[in-house]
Structures are given as structure tokens and as C-alpha cells.
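# Output the structure for:
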Amino acid sequence: MKINLNVDVRHLSRVEGHGNIKIQVENGEIKEARWDTVETPRFFEVMLKNKHYSTAGLLAARICGICSISHCLCSIRATENAFKVVVPETAAKLRLLAKHGETFQSHILHILFLAAPDFFNEPSVIPLIEKKPDLAAMAIRLKGLANRLCDTVAGRTTHPVAFQVGGVTMVPQKRVLLGLRDELFRSLDDLKKVADLFATFTLPDFIRETEFVSLKGEKEYPYIGGSLISSDGVEHKEQDYQPMTNEYVDKNNTSKWSKLSRESYAVGALARFNNNALLLHPKASEVAAFLGLKPVCHNPFMNNVAQLVESFHVVHEAIRLIDELVESEPGETMAKVTPRAGEGVSAVEAPRGILFHHYTYDKTGRIIMANCVVPTTQNNANIHLDIKSLVKKFAMTKEMTDEKLELLSSMLVRSYDPCISCSVH
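As a prediction, this is how the structure comes out:
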């Protein structure tokens, strides 16, 4: 059977940044199947050099407009680890609450505004505003609530101003937190409707076994700091991230690639779920079961489902944290910070996967060396190999067309929720 297919996407829509998909099949032979990141490189590690510790976190937050809380937290934790600073409990809770807000708003943005149009055969979310007004209104409500949570705790929806080395600079009023708690509780009804909607979607039946890397939860589902683990059994301490990430250069990409036990690995919501599912909030576990998600899942399209499951988790956990903050006295929110020569590493689970910041400081508190390894950098090789496998499975059928293959491969890349501009560090 002489099958000829040509997919040339430049640049993929509904993702952050610029990436290309190139697939060519001639007379039934796969000539090319690629995912390439072509975003102009951003040398933000160099921008951090010589910066004072008091401004490094604010600058790092500007790396990304979606994951700015993650970058800020990762940056200031790397500094705190270098200076041997222990953050007060209240500050740690507020940071985690803001982190949950970011995860919530980022996941809702992706699954409802960026991924959902594919399941309705629409080019974007814009037609859904008219055709599915209830869905659009629900998406706006959920995203707006998540944004307000970030505003309240971090000072801004993006580019937080309330976090500094040593702790936090403000504590929200209890009445404001209680108001958010009520909204979060009511949002569970909307999330349940989203789960019911996802139950009607048919995800592509595609599996490529891979390795999943994330933080390792001990007592709680992990988001801020801790050991590193892969689904293949590799474990490292937080500071030993480089043997885990193993970055290398690919000639066709402006982003580095990563690998561990295999040719590639995946990070993100599905990786966190696969490695830590037993630590999810029970209500989130119920949603996972309802949607047929169980570890270890090797279908990358299920990352969308994992994001929805995590949305349930962070809403319930945010309610719990607010209850604890309201019921207790604030206590100290800033630790004493004394600059010193040293080296610090931090790992934080950004919405798209595990993020690393690594700084070396001189005795005056200025950065000598900075290294950042971001989630999409770690995912890019896995996306590329997924596309190759996807083409082998689906392209060799007489029903396949250029348009169908373009949609399928585009959905695959979008399922990773890539942040390409962060990946080209």
C-alpha cells in the first residue's frame, strides 16, 4: 500500500512559544517524524549572574508568565539552601497555598482553553464561547478564582511580590482567606462538571513506555522540595539533580534535551501521578478512578486527565491550608537572612513538571553561577520520540490523511502543555 503523507506545522498553535512538527511518509516509508523547538534562545542564567540575592527571585519570576510562582519559589529556595536559612512554618504554608493556586490556574488554562477545542473540532476556544457558552463561563469562573488565590497570597497572579528569601512579606486577612475558601468549595461543583465532560471524550489509544521523573512524596503529594525519583527506580537527593537531568544538545533544537535510564523521560502531571498517586487527596483519587487513570499510565494524552485530577487535589489541599492558617496565630513569617559564600539547589514541581534552580554565591550575596533546568527542556526528547512512535502506529492506515495526522500529532504535543520559551535556556 503506497501511503503518502505530509505534515508541516510551523508553528504549533495553543502552546507557549514556537515549535514545529514535521512528518513525511513516502510510499509507505517514514522519511521524517520530528518535533523541534525553534524559539530564540533566552540566556536567563547569564542574566542572573552578579545579581544580589534580594532581587534574584523577582528576576527569576519573569522567566515565565504562567509558572512565575514556581520560578520565584525555586529561586528563593535555592538561595535559602545556599545560606542555610530555615523558613518559618506560616511562611511555608502560604508559599504552598500560592503554589496550589498557580497549579490550579495553569491546569484550567490548559485543559479548558488550550486542549478542549481539539475534542470539539474547533481551532481555538473562541468558537466555544458561542457554541458552548456554559463551558466557557465555567472555564472563566475557575480560572478567575485561581487567579484571585494567587493575587491574595502572592501579591499578583503572575510575578509574585510577596515572596522573599527567608519567608513571605505579608499574611492575607483571615476574612479574605475565608471568602476564598468558600469559593474554592463551590468550585468543586464546576470541576465535577469538567470531569463529567472529560468522561465523554475519546482519547487516542496510544502507548509508548517511558520513564517518569518527579519529586518523591513522603507524607504528602509533592510540590516543593524533596528527593527525586523516576518510575524506573532511580532516586537522587534534591541537590544531586544533574545525574537525573543529563542535559545534552540536539542540533535541530534551540532547547537542550534530557535523558536518564532510557532515550528520554517525561515530567509533569502524569509523571507526578504515576510516582505519587497513593498520596493524592481521596477525592482526587476518586476522580482518577472515574476517568480510568491509574499508575503507571504510559499514554501521554492522559496528561490532560492527570491535570484535572491534580486540580481536584490542589483545591481540596488549598481549603485545608486555609483552615490551618485561619485557626492558628500567624507567628513569624520571615527568618533572619545572612549572606554567605555557598551553593544551593532547589527543586519545585511547576505545573508542567519538575523545575530546578542552582546557584553559587560569593560572600557578599551575589550570584557567581546559575543553572536552571525547566520542565519542557526535560520533555522535548520524549515528545520527539512519541511523535515517531505515533506515526508508526497510526500513519500506515488507508483512512489516514494529512489533516487527521496533523491533528493527532498536534494533540500529542499539546497534551504535554509545553512552555517552549522556558525550555530554551
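# what about Glu29, how many neighbours?
Residues near Glu29, counting by other Cβ atoms under 10 Å, number 11. Yep, even glycine has a C-beta here, placed from its N, CA and C like the rest.
# correction: Lys51
The tally of other residues near Lys51 (other Cβ under 10 Å) stands at 19.
# residues contacting it?
Going by Cβ atoms under 8 Å, 6 or more residues apart in numbering, Lys51 touches Leu59, Arg366, Ile367.
# Neighbours of the last one, how many?
What it means is Ile367. Ile367 - counted by other Cβ under 10 Å - has 24 other residues nearby.
# follow-up on the earlier one: would you list the contacts of Lys51 in CSV and tack on distance to Lys51, secondary structure and pLDDT?
Formatted as CSV, the contacts of Lys51 follow (distance: Cβ to Cβ, whole Å; DSSP: H, G, I helix; E, B strand; the rest coil; pLDDT from 0 to 100):
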residue, distance to Lys51, secondary structure, pLDDT
Leu59, 6, helix, 96
Arg366, 7, strand, 98
Ile367, 5, strand, 98
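# Of all the residues in stretch 169-182, which ones are buried?
Neighbour counts over stretch 169-182 (16 or more other Cβ atoms under 10 Å) mark Val171, Pro172, Leu177, Leu180, Arg181 as buried.
# All the strands of the stretch 51-200 of the chain, in order from the start?
Remark: strands assigned in the stretch 51-200 of the chain by DSSP state E, counting those that start in this stretch are 163-164, 167-168.
# ok, the first one: who's next to it in the sheet?
In other words, strand 163-164. Taking DSSP bridges as the criterion, strand 163-164 forms sheet pairs with strand 167-168 (antiparallel).
# residues making contact with the partner strand?
For strand 167-168, the external contacting residues (Cβ under 8 Å, 6+ apart) are Val87, Pro88, Thr90, Ala91, Leu94, Arg95, Ala162, Glu332, Thr333, Met334, Ala335.
# Now, of these, which are buried?
Listed as buried from the contacts of strand 167-168 are Val87, Pro88, Thr90, Ala91, Leu94, Arg95, Ala162, Thr333, Met334; burial here means 16+ other Cβ under 10 Å.
# Can you tell me which of those residues end up in helices?
When helices are assigned by DSSP state H, the members of these inside them are Thr90, Ala91, Leu94, Arg95.
# Serialize the residues you listed to a markdown table and add fields for pLDDT.
Supplementary listing: these in a markdown table, determined by pLDDT from 0 to 100:
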| residue | pLDDT |
| --- | --- |
| Thr90 | 96 |
| Ala91 | 97 |
| Leu94 | 98 |
| Arg95 | 98 |
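# Which members of the residues you listed define the maximum pairwise distance?
Within those, Thr90 and Arg95 form the most distant pair, 9.8 Å apart (Cβ to Cβ).
# Quick check, Ser214 in contact with Pro222.
Yes - Ser214 is in contact with Pro222 according to Cβ atoms under 8 Å; the separation is 7.0 Å.
# Cys372 belongs to a helix?
No - counting by DSSP: H, G, I helix; E, B strand; the rest coil, Cys372 is not part of a helix but strand.
# Let me see the contact set for it.
Cys372 makes contacts with Phe44, Glu45, Ala60, Ile63, Leu355, Phe356, His357, His358, His425, as judged by Cβ under 8 Å, 6+ apart.
# What helices and strands are in contact with the helix or strand encompassing Leu355?
In this structure, Leu355 is located in strand 353-361 according to DSSP states H and E. With contacts defined as 3 or more Cβ pairs under 8 Å, 6 or more residues apart in numbering; DSSP states H and E, the secondary structure elements packing on strand 353-361 are helix 53-61, helix 68-83, strand 211-215, helix 269-276, strand 342-350, strand 367-373, helix 375-394.
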